[in-house]
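Enquirer: my questions are about this predicted structure, shown below with the sequence.
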Amino acid sequence: MNKREEIITRYFQCWINNDSEILNDIFDSKVVYSECYGPEYRGIDVIKKWFTDWNERGTVLVWDIKQFIHSTNVTVVEWYFKCKYDGGIGEFDGVSLIEFNDSDCIISLKEFQSKIPHYYPYN
């Protein structure tokens, strides 16, 4: 596992563990984070506030990594996500496009989702 894969894996795990301690270590202070359903967070202080607020209402049950794809300063990660939020269970497949700076801190993270269950309209 390379350094970027370790950073991303630690980030996903911090949600499962509800432990924000690593956020300052892995994100640039001016990070821009776009969630797959629309919200965008700018700056590490906003991300920490979002993390705290989200975890008061929800729990990440699973955030499994399927694969990594690396380019120069960008890593793409395909994943499966499942959570309990406001009493309901939600799950989806997703992809994150993650840009790193020269210090291996995340400066941009964009999430995209694919709804579950998948279906086959021509079968």
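Expert: Looks like it came in fine.
Enquirer: drop to CA atoms for contacts and neighbour counts, all remaining ones
Expert: OK.
Enquirer: chain neighbours aside, what residue packs nearest to Phe51?
Expert: Nearest-residue entry for Phe51: Ser20, 7.3 Å, with adjacent residues in sequence omitted and distances by Cα to Cα, 6 or more residues apart in numbering.
Enquirer: buried sites along stretch 116-123?
Expert: The neighbour-count check on stretch 116-123 (16 or more other Cα atoms under 10 Å) flags nothing as buried.
Enquirer: and that stretch, how far out from the chain middle?
Expert: 26 Å (Cα atoms, centre = their mean, to the nearest Å).
Enquirer: all strands of this structure, in order?
Expert: Under the criterion DSSP state E, the chain contains strands at 27-34, 40-42, 58-70, 74-85, 88-100, 106-115.
Enquirer: partner strands of the second one and their direction?
Expert: It refers to strand 40-42. strand 27-34 (antiparallel) (DSSP bridges).
Enquirer: also the third one?
Expert: Strand 58-70 has these partner strands in its sheet, going by DSSP bridges: strand 74-85 (antiparallel).
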